[in-house]
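Participant: Mind folding the following:
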Amino acid sequence: MFVCVPKRLLSQLNAFNHSLRALSTSPKINSKVTVLGASGGIGQPLSLLMKQNSLVSELALYDIAHTPGVAADLSHINTKARVAGFVGPDQLADALKGAAVVVIPAGVPRKPGMTRDDLFNTNASIVRDLCEAAARNCPTAFIAIISNPVNSTVPIASEVFKKHGVYDPNRIFGVTTLDVVRANTFVAEAKGLDPSTVNIPVIGGHAGITIIPLLSRAEPSVSFSDDKVDALTKRIQDAGTEVVKAKAGTGSATLSMAMAGARFAISLLRALNGEQVVECSYVKSDVVPDLSYFSTPLQLGKNGLVKNLGIGKVNKYEEEMIQKAIPELKASIKKGEDFVGSS
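Facilitator: Model prediction:
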């Protein structure tokens with residue numbers, strides 16, 4: 001059976017098919033990614049995951065020791081990303097020049113009995129100094145901060161970039177992805193679901209009661225008793241401590257954090273390639289009165305944060321959690337801002 005197709009329609013179909021072929025073969029933007037703190041417990045597995053991603057053309061690994069060895073090891077993996085190791089303050093600038101995405105897992109890990117705030121005195125200085133270098137050498141890069149306490153280190157990064165006159169709030173992100181990953185996993189376990197199909201928005205911050213999983217907005221929709229909601233919420237909030245205790249003094253959540261950090265960094269690379277990507281992240285925000293930073297779902301694009309999708313609809317339990325988190329977030333933000341102001 002033959003169908004007669006008008007020439008005009010045939011021409012339009014051919015043009016459409018040509019556009020599809022061009023789109024499917026259009027070159028991807030392959031970007032330089034710099035990992036600051038690449039020799040550590042998070043940095044090494046994170047770097048391994050980044051080496052495997054096809055959007056990475058160059059992987060610069062920086063730390064105060066051991067990065068040449070880590071770089072040599074990773075360079076033997078048969079993916080196209082070129083790997084280079086940089087050591088010490090004298091080589092920091094070279095590690096950062098030309099970077100499109102900078103991931104910062106540098107700092108000391110939590111030990112049993114420590115809170116994220118206990119890390120502040122050490123990690124605050126590390127993040128400040130690394131952001132000083134980034135502001136000078138790659139001021140338009142996307143900055144993804146893993147170093148705890150994120151509720152304070154993100155404001156530190158912002159204040160440093162302001163001091164250098166290159167601040168863009170749409171390009172500085174606190175990585176809270178691990179809270180989302182944990183929420184997805186724990187809910188999936190409770191309901192017998194495939195964790196890769198579950199998505200739970202997590203808002204607020206990245207410490208204790210500031211971690212606010214919105215179980216009422218789970219996809220697919222799930223329901224729990226009030227007691228189970230409370231137990232799941234507290235487990236998500238305390239999951240970092242759960243790992244610290246399980247490791248019994250040998251470390252904190254490194255492997256899961258590396259996976260979550262890589263997921264967020266790859267989302268930034270996808271956004272640079274023109275995809276519209278949604279991830280939760282702790283950023284400069286006005287969605288909550290009297291708070292200058294807050295984590296919510298964000299739409300990401302070529303220039304970073306395109307649209308803050310806000311808190312959305314929450315139930316009474318979740319609204320109460322938001323209100324309880326505000327004083328702690330406010331104090332953490334001020335602590336970070338004051339640290340840069342006094343240094």
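Participant: give the contact list for Arg128.
Facilitator: Counting by Cβ atoms under 8 Å, 6 or more residues apart in numbering, Arg128 makes contact with Ile156, Val160, Phe339, Val340, Ser343. In short, each C-beta sits where N, CA and C put it, glycine included.
Participant: cutoff 7 Å now
Facilitator: Applying Cβ atoms under 7 Å, 6 or more residues apart in numbering to Arg128 gives the contacts Ile156, Val160, Val340, Ser343.
Participant: What helix or strand is it located in?
Facilitator: helix 120-137 (DSSP states H and E).
Participant: If you count neighbours, what's buried in that helix?
Facilitator: By 16 or more other Cβ atoms under 10 Å, the buried positions in helix 120-137 come out as 120, 123-124, 126-135, 137.
Participant: Same check on stretch 216-229?
Facilitator: Ser216, Arg217, Ala218, Phe224, Val229.
Participant: Just these: which are in strands?
Facilitator: Among those, DSSP state E puts none in strands.
Participant: rewinding a little: can you say which of the contacts of Arg128 are buried?
Facilitator: By 16+ other Cβ under 10 Å, those give Ile156, Val160, Val340 as buried.
Participant: want to throw these into a markdown table with pLDDT, secondary structure and distance to Ala72?
Facilitator: Shown next, in a markdown table, are these (pLDDT from 0 to 100; DSSP: H, G, I helix; E, B strand; the rest coil; distance: Cβ to Cβ, whole Å):
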| residue | pLDDT | secondary structure | distance to Ala72 |
| --- | --- | --- | --- |
| Ile156 | 98 | helix | 32 |
| Val160 | 98 | helix | 32 |
| Val340 | 96 | helix | 36 |
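Participant: Rebuild those as JSON lines, extending it with distance to Lys191.
Facilitator: What follows is these, written out as JSON lines (distance: Cβ to Cβ, whole Å):
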{"residue": "Ile156", "distance to Lys191": "39"}
{"residue": "Val160", "distance to Lys191": "43"}
{"residue": "Val340", "distance to Lys191": "44"}
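Participant: Let me know the average pLDDT across the helix holding Arg128.
Facilitator: Averaging pLDDT along helix 120-137 yields 96.
Participant: what about dumping the CA coordinates of the next helix or strand after that helix to PDB?
Facilitator: Downstream of helix 120-137, the next assigned helix or strand under DSSP H and E is strand 142-145. Provided in PDB are the C-alpha atoms of strand 142-145 (Å, rounded to 0.1, in the frame of the first residue of the first chain):
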ATOM      1  CA  PHE A 142      29.800  26.600  39.900                       C
ATOM      2  CA  ILE A 143      30.900  26.000  43.500                       C
ATOM      3  CA  ALA A 144      29.500  22.900  45.200                       C
ATOM      4  CA  ILE A 145      30.300  22.900  48.900                       C
END
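Participant: Tell me how far strand 142-145 lies from the chain's centre.
Facilitator: A distance of 7 Å separates the C-alpha centroid of strand 142-145 from that of its chain, computed with Cα atoms, centre = their mean, to the nearest Å.
Participant: And for stretch 186-199?
Facilitator: That offset, for stretch 186-199, works out to 21 Å (Cα atoms, centre = their mean).
Participant: That one: end-to-end distance?
Facilitator: 11 Å (Cα to Cα, to the nearest Å).
Participant: Over to stretch 291-306?
Facilitator: End-to-end for stretch 291-306, by Cα to Cα: 20 Å.
Participant: now do stretch 280-292
Facilitator: 16 Å.
Participant: Could you do stretch 197-210 as well?
Facilitator: 25 Å.
Participant: Any buried residues in it, and which?
Facilitator: 198-210.
Participant: of those residues, closest to Met50?
Facilitator: For the buried residues of stretch 197-210, the closest approach to Met50 (Cβ to Cβ) belongs to His206, at 21.0 Å.
Participant: my read: that closest one touches Tyr282, true?
Facilitator: Yes. Contact criterion Cβ atoms under 7 Å: His206 and Tyr282 qualify, at 6.0 Å.
Participant: Overlap of the contact sets of these two?
Facilitator: Val150, Gly174, Thr176.
Participant: Now do the contacts for the last one.
Facilitator: Read it as Thr176. Val150, Val202, His206, Cys280, Ser281, Tyr282, Ser295.
Participant: Which one (most neighbours) among these?
Facilitator: The most crowded member of the contacts of Thr176 is Ser295, carrying 32 neighbours; neighbours defined as other Cβ atoms under 10 Å.
Participant: Which neighbouring elements make contact with the helix or strand that one falls within?
Facilitator: Secondary structure assignment for Ser295, by DSSP H and E: strand 293-301. Applying 3 or more Cβ pairs under 7 Å, 6 or more residues apart in numbering; DSSP states H and E, we find strand 293-301 packed against strand 202-204, helix 255-272, strand 277-284, strand 304-308.
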